[in-house]
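In: Sequence first, predicted model second:
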Amino acid sequence: MAARTNLILTDRATTPVDHIFTPDGTDANGVHLFSNKVGVPASFSKFSAKLSPGKGKARATLKLVVPITQTQVINGVSNPVVVRTAYGEVSLTFDMLSTAQERADLVGMLASSLLESQTQIDDMVVNLSDIY
């Protein structure tokens, strides 16, 4: 069992930026919460992780929520406003008889599918261009 620490998630900017998500505890449903505390609270990106064992299977669910804010000026008063939000979710389900290597292989292949070099998948999710 790993101890909860900061998560460092790197984006794909021209000059990649590390985003540090600090632990925020666990909610009532056993979801481990993290946030990237940059700017005002409305603009904090959030990451969550949950492990749900049961009925011969174990399910791990990871979620990332990234709000985009802009400064809105009304009557000379500037306020940050969330103008859109991006959501990402990964759900992995493993049989309780699976080996650590089988689980590691699936995680590795899934992570590999999200690399920029996987052009058909990257074009679909980044450029919203379907595969033909």
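Out: Arrived safely.
In: Spatially central residue for the chain, please.
Out: Taking Cα atoms, centre = their mean, the centroid of the chain lies closest to L64, which sits 2.9 Å from it.
In: Please, which helix or strand holds that residue?
Out: Under the criterion of DSSP states H and E, L64 resides in strand 57-74.
In: Against the centre of this structure, work out the most remote residue.
Out: Largest separation from the mean C-alpha position in the chain: N75, at 36.6 Å (Cα atoms, centre = their mean).
In: Check which helices and strands the longest helix along the chain is in contact with.
Out: When the chain is parsed with DSSP state H, its longest helix is helix 100-113. Applying 3 or more Cβ pairs under 8 Å, 6 or more residues apart in numbering; DSSP states H and E, one finds that helix 100-113 contacts strand 77-95. All C-beta atoms are positioned from the backbone trio N, CA, C, and that covers glycine.
In: how far away is A3 from A58?
Out: Using Cβ to Cβ, to the nearest Å, A3 is found at 20 Å from A58.
In: One more: D130?
Out: D130 sits 33 Å away from A58 when distances are taken as Cβ to Cβ.
In: do G88 as well
Out: Distance of G88 to A58, computed by Cβ to Cβ: 21 Å.
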